[in-house]
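predicted structure and sequence below. I'll ask about it afterward.
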Amino acid sequence: MKRRPRWVVRSTLAISASVVMTASLVVATSGQALADPTDDPNSPAFGADAPTDVTLITGDVAHVTTNLDGPPTVTVTPAPRADGSTPQFRVTTFDGEIHVHPSDVAPLIGQRFDPELFNITTLLDQGLDDLTSNVLPVIVEYGDEVSTRNAPFAGEQRELSSVNATAIAVDKTAGVSTGPTTLSSSGVDRVWLDRRIEAQLEYSTGQIGAPAAWDLGLDGSGIRVAVLDTGIDETHPDLSGSVVSHRNFTYEDTEGDLNGHGTHIAGTIGGDGSASDGQFQGVAPGVELVNAKVLDGNAGGYLSWLIEGMEWAVAQDVDVVNLSIGMRAGAPEAPLVTAAVDSLSAASGALFVVAAGNDGCTGCIGAPADAKSALTVGAVDRDDRLADFSSQGPTFLDFGMKPDISAPGVEITAPRAEGTGGDGDYAAMSGTSMATPHVVGAVALLAQQYPDLTAGELKALVMASAAPADDLFGQGTGRVDVAAALEQPLQPSLGSIDFGLFEDPPTQHDPVESTVTYRNETDAAITVDLTITAAVDGGGAADSLTVTPSELTVEPGESGEAEVRLDPTQLTDRGQYLGELTATTADGRRLVTTPVGFELGPIYHEVQIAAVARDGRDVRPHIPYLYNVDTGGYLRDYCEAEYYCLRVPQGTYSLAGFVNTYAPWVPDGEDPREGVLNTSLVAYPEFTVDEDMTIVMDARDAVEVTVDTPLHPDGKVNDSGALQMTWSRTSGNGEKVMDHFLGMPGGQLEQRFFMTPTEEVTIGEFSASTRWIVEAPAIAFDTGDDLELRPEYYRADWFSDNSWQFPTVEGSSKLQVVDAGDASEADLAGIKLNGALALVRRSDATTVLDQSNAAAAAGAAMVAIYNDQPGPSNQLGAAQGKLDVPTVRLSHEEGSALLDRLSGKKKVTVTASGTQQSPYRYDLVYLEDGAIPTDLAYTADAGSLATVKREFYALGDHNTFAEASSPFQPGADAVYTRKFPVTGAPRTRTDYYVGDERVTWKHDLTTPESAYNVLWPTDPGSPLVLISPWETYRAGDTTRHQWFRGPLAPGFNPERPATRDGDILTIPTTGMVDAAGNFTETPTSHFHVGIESQFVLSSGGEVIAETTNVPAGTILLPSAEATEYHLSYRVDNHSSWAELYTSTVTEWTITSAATSGPQAQPFMAVDYDFAVDQSNTLGRESKLANVFGLQIGHPGDLRIGVRQVRVDVSFDDGKRWEKAVAIPLLNGRYLVMASGSLLKFNDSGYLSVRTNATDARGNTVSQEIIRAVKLP
């Protein structure tokens, strides 16, 4: 029998829905504006920065490492909170996107915060990584009742009055406070990402009937049209004198068009064809154009520019607005821009004409094309066939009827802006962007003819007179037809009747009505029969859909009304009802056809989600994830409830999430930011929603996960060693969601995980896992008797930037315990703390920093602070600074026990021991597929483990490192992990992994150690981040892995060689490789003291591609014939920590011709085998210190012999070189002998090496490494 979650059936629905927004604004040249772009292998430019750091609105920094042939790795550095609390972090991957949610703002995400502010994939795509942008652009929307706006963020501000909002470029370095109190006190309703936006004729004017209007003398004169786009080239002959007003909303210094998109649109609307003798005349050449430049020369901009531009445009008293800009369906910012269009339309009377989009799919009409007031335009070709790129309806979520109409949008010729691509005065473009201005021009002609028509009436007239098309969700009512509109005898007030979505059961809905007004533009009375029908495709008709009266007579120049009524309670079939209201004369001639549509959707239920902690207290679950296991998909429809509430269609669901249990001192009923004791994964992976219900995620049902390490019985799960819990759920149609909980230093007071046992799923797949780090105890106390103490360090990032600044115990020391009270001046007076362990009582009146340093100043060698309330505490207080002595926390009970000992004895001592250089490390992932079992006790014994001897080689005298290990579970879109400081090198450590071939691993090691805070910023330096090859661990295996074994030299990633396919050379990435095959990228630093690199590909002396950034991408080679190419990659490291490999260069010459498929190119690799110790020093004891190994090889499957090798060595950093003897062995291996004893030539203390090799086909490699290894 399946485990069924506890629920309470609710008899009523209290619906107040708000959309959870997850998507991205796509109005790109490759999307909304220009359809079917041609891929250019040299665009964007070869070589790019490798953005890895992304600062969130909370100040937390996500670090993203790209793994070749695999998903990325994500780590997070928390921003300090003002109250010293430590947030937990949850990483969710869905549909290829990575979301990072800090626990202290998690309840606000989707309700007050745009989820895209925490979507790492979106932020990177938007160019908001920290290397590219030092600001985070947001739009802060205020409540309707707010009169005074107090922006909660620092940065440049711009007002957006149409949506009661302010655009702010938030300074990432200023620090922000983003909790619910801050937002509420500032009057903030929502905070949106100010997303980057990008832009979305010869036969076409005749195709839409414009000449008929011209013959009547209509040209749009007196009509003012706004074009919101990339600007307009006002000097173009076709547009000279047409622009009456302009304004630039971008960062560029011109209102002109540096892209060409806006000029093309403006010319289609109102160009007079001067440059072509009228051949390419626009639809309405007499209009006045208003140029609102909201996109830059790269066809990019911000959402706030668009809204501000719309506000300015309507203030210019325009009649029509052209928007060939939009965002894809489901974009979270959609309500904001859609509301702006509807609001401005109602306030100004202007008609907004909007491109439907170029996604070419069903149900993907985005925003603001979904605005009810907008006239939305699809694209057709010259034969009135729907263009394959044109987005089709219905609209997202509400299933509205869009587009409204279509127009020519394929290969449209219109004015070309000066300085943009191509030659001549005109250019051809395709897209719904090109269709939209045709409709704008048509509206201008009709507005000139019928000046009294409102925007809504103009929209209805255009739709009613369109050339019919039997494709309502592709072409709307059909292709725009100006000639037919001018002859339309009966003009309707509505272009369509859309009653929207009704949820099943239909009996819950009241009847709906819509009034249609018909205006007679002729000089004779018109009598029509009115009929209305609608039916579900393959189902029944809507018999309860009626129109009254059934016959209508309209006198000349007068109007008549008809009432359309739908009683949804009589609907019987679910699905989309489509039909039409027709006005037909007695002789059977249809005068007006108005589309009608509505939908009877599935039955929805409210699912409220509550949680109970392990101690029985009600708590808030940490963003529970409710997931439809039949269809997949992210649920977006929230309802009001105390905690979480979602409105979902009836079906089968999975619910999983994390429930915290808090320390006893945390008050009930609060949403605490600290005091987490432990965390439980509560999962109900398969259950039915067939009624309103409340699901209680009860952590008391969870079973503790335990790990035993019999090889090291003293092993301890140190602070944050309960590292990760992960669950994943795959739906029946293959959609997958994966959710990660990551333990942070100080995040849990107890290193304990719990999971609820489950039954096997029958639909799709389910898995859950935990991850543990077990090492020698970082800190331990021994009282010599039966008193058990469990000291833990406070979180280091509150008191230091790097591990070496944080005082810890190394080894052991016997300390006398002295009661220091609250460590106040009065408590410390008169007691002797010299060399003692000060036992201090925590106090709200002071901070850990002040208490510890006061005791240290009084002579204490170490400080232990015990909680003043039951249980342990990680409360720090507001003060940040450096601790003077090692400081740990104890629970109230432990501190009280020590006080009891002190009261009964003259002297109490403890032995404090610990190490930050554990000789062993267990990194254990226990993965359960299909279900979570009831037995979660794991034993990490020799038979279940793989063993890795991990050697850390030093690059200098004071090297520091930070390491991260990333276990990739099957089907993961990303992996979430943490960086751990590695203290000291050289050193060797024995690592243990669960033998599980389902999990693959990547490891990386950074030097210098990555700072985890910036309290005391230091001079920047360029880190090297070595990334290991992929690893899979099998039980019983023992392997060896080396980090930074010298030398490091420029080369390609051994896992991804350079390849050629046709004329395209693909460089996956280029950087440096160490002697163990670990790889690091080496782009030029963005400061003067760091790495300087240069990649240059040339042929015949002509440079083909070059970059100082990461050499990665595709290069179009100039010839298909066999041609010689020269590639050079130089890396100089000027960082203060760099002692070895200070200057390196590798140069290749290859001959390459076009290939019929991807083929590895013969860029030879040079590998060295020096007899070095772990300080990268040649063996001090070896009599053969002047002998080393060398191997020359080719990538992939290339088998080309090496014909010639020469090796030179230098002992003075390359000033003088001496030839060495290279003795060939087998398979490209050589034994190299430098003459004499190296000790005799020890001028600099380093050996430099230079190697030249030529293969049997004449390809060459030359490599020079200054300071390849140290000399003894």
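Okay, I see it.

downstream of the strand ranked longest in the chain, the next helix or strand is which one?
As far as residue count goes, and with DSSP state E defining each element, the longest strand of the chain is strand 590-612. The C-terminal neighbour of strand 590-612 among helices and strands, as given by DSSP states H and E, is strand 618-619.

would you mind listing the buried residues in stretch 725-733?
Of the residues in stretch 725-733, 725, 726, 727, 728, 729, 730, 731 count as buried by neighbour count, 16 or more other Cβ atoms under 10 Å. Placement of C-beta: from N, CA and C, glycine included.

scratch that, stretch 242-252
242, 243, 245, 246, 248, 249, 250, 252.

what does stretch 1080-1100 give?
Buried residues in stretch 1080-1100, counting neighbours by 16+ other Cβ under 10 Å, are found at 1080-1085, 1090-1093, 1095-1097, 1099.

between the two ends of it, how far is it?
End-to-end span of stretch 1080-1100 (Cα to Cα, to the nearest Å): 30 Å.

what about it, average pLDDT?
pLDDT averaged over stretch 1080-1100 equals 87, rounded to a whole number.

tell me the gap between that stretch and the middle of its chain.
Between the centre of stretch 1080-1100 and the centre of its host chain there is 27 Å, according to Cα atoms, centre = their mean, to the nearest Å.

and what of stretch 129-141?
Average the C-alpha atoms of stretch 129-141, do the same for its chain, and the two points are 13 Å apart (Cα atoms, centre = their mean).

same thing with stretch 1204-1212?
For stretch 1204-1212, the distance between its averaged C-alpha position and the chain's averaged C-alpha position is 48 Å (Cα atoms, centre = their mean).

average model confidence for it?
94.

okay, buried residues for that stretch please.
If you call a residue buried by 16+ other Cβ under 10 Å, then stretch 1204-1212 has these buried ones: 1205, 1207, 1208, 1209, 1210, 1211.

can you pick out the most distant pair from the residues you listed?
Greatest spatial distance among the buried residues of stretch 1204-1212 (Cβ to Cβ): 1205 and 1211, at 20.9 Å.

helix, strand or coil for the residue nearest to residue 223 when sequence neighbours are not counted?
Using Cβ to Cβ, 6 or more residues apart in numbering and skipping the chain neighbours, the partner closest in space to residue 223 is residue 444 (4.3 Å). The three-state label given to residue 444 by DSSP: H, G, I helix; E, B strand; the rest coil is helix.

which of the buried residues of stretch 725-733 sits closest to residue 1158?
Proximity of the buried residues of stretch 725-733 to residue 1158 was ranked by Cβ to Cβ; the top entry is residue 730 with 31.0 Å.

from residue 632, how far off is that closest one?
8 Å (Cβ to Cβ, to the nearest Å).

identify the contacts common to the two.
Here residue 730 and residue 632 share the contacting residues residue 736, scored by Cβ atoms under 8 Å, 6 or more residues apart in numbering.

packing partners for whichever helix or strand residue 921 is part of?
According to DSSP H and E, residue 921 maps onto strand 920-929. Identification of packing neighbours for strand 920-929 by 3 or more Cβ pairs under 8 Å, 6 or more residues apart in numbering; DSSP states H and E yields strand 703-708, strand 765-775, strand 961-968, strand 987-994.

which helices and strands does the helix or strand just after the third one pack with?
Where DSSP H and E defines the elements, the next helix or strand beyond strand 961-968 is strand 975-976. Under the contact definition 3+ Cβ pairs under 8 Å, 6+ apart, strand 975-976 sits against strand 73-77, strand 736-742, strand 961-968.

send over the second one as PDB, restricted to the C-alpha atoms.
Provided in PDB are the C-alpha atoms of strand 736-742 (Å, rounded to 0.1, in the frame of the first residue of the first chain):
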ATOM      1  CA  LYS A 736      13.100  15.900 -14.700                       C
ATOM      2  CA  VAL A 737      13.500  18.000 -11.600                       C
ATOM      3  CA  MET A 738      16.400  17.700  -9.200                       C
ATOM      4  CA  ASP A 739      16.700  19.500  -5.900                       C
ATOM      5  CA  HIS A 740      19.800  19.900  -3.700                       C
ATOM      6  CA  PHE A 741      20.100  21.000  -0.100                       C
ATOM      7  CA  LEU A 742      23.600  22.000   0.800                       C
END
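
which neighbours does the longest strand of the chain have in its sheet, and in what orientation?
Paired neighbours of strand 590-612 in the sheet (DSSP bridges): strand 497-504 (parallel), strand 575-584 (antiparallel), strand 618-619 (antiparallel), strand 644-649 (antiparallel), strand 693-698 (parallel).

now the residue lying farthest from the centre of the chain: phi and psi?
Seen from the C-alpha centroid of the chain, the residue lying at the greatest distance (Cα atoms, centre = their mean) is residue 524, 62.7 Å away. Main-chain torsions, residue 524, degrees, to the nearest 10: phi -140, psi 150.

give me the neighbour count for residue 466.
The number of residues packed around residue 466, counting by other Cβ atoms under 10 Å, is 26.

which non-adjacent residue is nearest it?
Distances taken as Cβ to Cβ, 6+ apart place residue 478 nearest to residue 466, at 3.5 Å, with adjacent residues excluded.

and residue 1249, that one's in a strand?
Yes: Residue 1249 forms part of a strand when assessed by three-state DSSP.

and it, what are its bridge partners?
Bridge pairing for residue 1249 (DSSP bridges) gives the partners residue 1209, residue 1265.

that one against residue 1268, yeah?
Yes: counting by Cβ atoms under 8 Å, a contact exists between residue 1249 and residue 1268, whose distance comes to 4.7 Å.

name the residues contacting each of those two.
Both residue 1249 and residue 1268 are in contact with 1047, 1168, where contact means Cβ under 8 Å, 6+ apart.

can you list the domains in this structure?
According to the domain assignment given by automatic domain parsing, the chain is divided into the following structural domains: 35-197, 199-490, 501-602, 780-914, 944-1044, 1049-1270.

okay, those in a markdown table with distance to residue 738 next?
As requested, these are exported to a markdown table (distance: least, Cβ to Cβ, whole Å):
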| stretch | distance to residue 738 |
| --- | --- |
| domain 35-197 | 5 |
| domain 199-490 | 20 |
| domain 501-602 | 27 |
| domain 780-914 | 27 |
| domain 944-1044 | 6 |
| domain 1049-1270 | 24 |
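
most neighbours per residue, which of those domains?
Highest mean neighbour count of the domains of the chain: domain 199-490, a mean of 23 (counted as mean count of other Cβ atoms under 10 Å).

now do it: distance to the chain's middle.
Using Cα atoms, centre = their mean, the mean C-alpha position of domain 199-490 is found 32 Å from that of the whole chain.

tell me which helix or strand of the chain sits lowest on mean pLDDT?
Using mean pLDDT, DSSP states H and E, strand 18-19 stands out as the lowest-scoring helix or strand of the chain, at a mean of 21.

helix or strand right after that strand?
In the C-terminal direction, the helix or strand that comes right after strand 18-19 (DSSP H and E) is strand 53-55.

the strands in the stretch 1101-1250 of the chain, which residues?
1102-1107, 1113-1116, 1123-1133, 1143-1152, 1159-1160, 1165-1169, 1187-1193, 1202-1210, 1218-1224, 1229-1233, 1246-1255 (DSSP state E, counting those that start in this stretch).
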